[in-house]
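J.: no sequence on this one, just coordinates:
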């Protein structure tokens, strides 16, 4: 059975791939960070389960469809698989900020979906890696250890420093992976 400490949950935009204030609306706009795919594969190869928890309000806003999002996620999974890794589960929130849902980060609903999908009793000791305060807050709400990456909105998030006291900070996902996987 999977131990929660063997789970790494990643935000998507800004952690795995480039982010945009205009939203990532298509596979053509979805561009992985150079070392992120290898980092995910390395986590898998080191015995970690990797999951993704991503807010995708562009669906509610009508900027792209769930089919377009699925194409991006299929591509992500294929890239990781080609490097010898696997993504155990992808959870996404298609709602807008005013939709009163339970899944939109900073609420922990996406992480609870991952917990249920992977059959974990809790997420205590898992890792949540993000580039925004809401990623960190969602992780802390369910007992995750948290890490902030400087990619995406990470540098801007660091300027505020509020709510990040317990979070480890890394340049990018590859640096986090190197740290976590060191012997």
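T.: Received it, and whenever you're ready, just let me know what you need. What you are looking at is a predicted structure, and each value in this text was computed from that prediction instead of being measured.

J.: which of the residues in the least confident helix or strand in the chain by mean pLDDT are buried?
T.: Lowest by mean pLDDT, DSSP states H and E among the helices and strands of the chain is helix 154-160, with a mean of 92. Applying a neighbour-count criterion of 16 or more other CB atoms under 10 Å, one finds 154, 157, 158 buried in helix 154-160. Yep, even glycine has a C-beta here, placed from its N, CA and C like the rest.

J.: just curious, which of those is nearest to residue 5?
T.: The closest of the buried residues of helix 154-160 to residue 5 turns out to be residue 154 (CB to CB; 23.7 Å).

J.: can I get the buried residues of helix 154-160 in CSV with distance to residue 72?
T.: Formatted as CSV, the buried residues of helix 154-160 follow (distance: CB to CB, whole Å):
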residue, distance to residue 72
154, 21
157, 23
158, 27
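
J.: Beyond the strand ranked longest in the chain, next helix or strand please.
T.: In the chain, with assignment by DSSP state E, the single longest strand is strand 49-55. Sequence-wise, the next helix or strand downstream of strand 49-55 (DSSP states H and E) is helix 66-82.
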